[in-house]
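1. Okay, sequence plus prediction incoming.
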Amino acid sequence: MAELFAQTLGPVSGHVIGDGTHSGSYEVYADSGTAARRILSLGSPQMDIGAMAVRSVVTGVEEVVGDGGAMAAVLMRAVYQAANRRISAGVDAMGMVRELHEAAAAAADIVAAHAVCAKTEDKLAVLARSVVNDPDLAAMLGEM
C-alpha cells in the first residue's frame, strides 16, 4: 500500500485507480486518504493485517493534519523494513520500539523549536504558494 500511496506524492503527483464499489467501474483517487478508506481487502489475511495498519496510520494522519498520509505510509514502510533487518540480525525488538518512541519525541521537539508562525500577508502568500503553485492564487490566499 505504501508503494501505491507514494504515487500521490510530489509536486506533480499521480493518481491511483481502483475498482469501484459496484458494477465493475473504476474510481480515480488523488489522495492517499480516500484510497485508504476504499481499500477493504488485499485478498489474503496476512496482507490484510499489514494493509489495515497502514490504512489506520494514513487515515489518522489525514484526520488530524489534513495531509501527509502518503508520506506517513512511505515512512512507515521504511521503518518496518529497517526494523525487520535489525530484528533478523538479533536486535531486541522492544528496545527498538523504545528507541523509536524516543526518536519521535526528539523529532517533534526539533520541529516545534524551528516552527515559525506565518502572521504577515507576505508570509502567508509564500506558504500558500508552496501548496497551490500559482502566484496569483497564492497572493489572494495570503491576503485572505
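-> Sure thing, it's come through. Residues are numbered from 1 along each chain as shown.
2. what does the helix or strand containing R129 contact?
-> Under the criterion of DSSP states H and E, R129 resides in helix 121-132. Residues from elsewhere that reach helix 121-132, judged by C-beta atoms under 8 Å, 6 or more residues apart in numbering: 116, 118, 135, 137-139, 141-143. Backbone N, C-alpha and C define where each C-beta goes, glycine included.
3. run the last query once more with 10 Å
-> For helix 121-132, the surrounding residues in contact (C-beta atoms under 10 Å, 6 or more residues apart in numbering) are 11, 67, 116-118, 120, 134-144.
4. Can you verify E27 is assigned to a helix?
-> No: judged by DSSP: H, G, I helix; E, B strand; the rest coil, E27 forms no part of a helix; its state is strand.
5. Verify the contact between it and R37 for me.
-> No: the pair E27 and R37 does not pass the contact test of C-beta atoms under 10 Å, sitting 11.2 Å apart.
6. hey, where'd the strands end up in the chain?
-> For the chain, the strands defined by DSSP state E cover 16-19, 26-29.
7. Kind regards, and thank you for your time.
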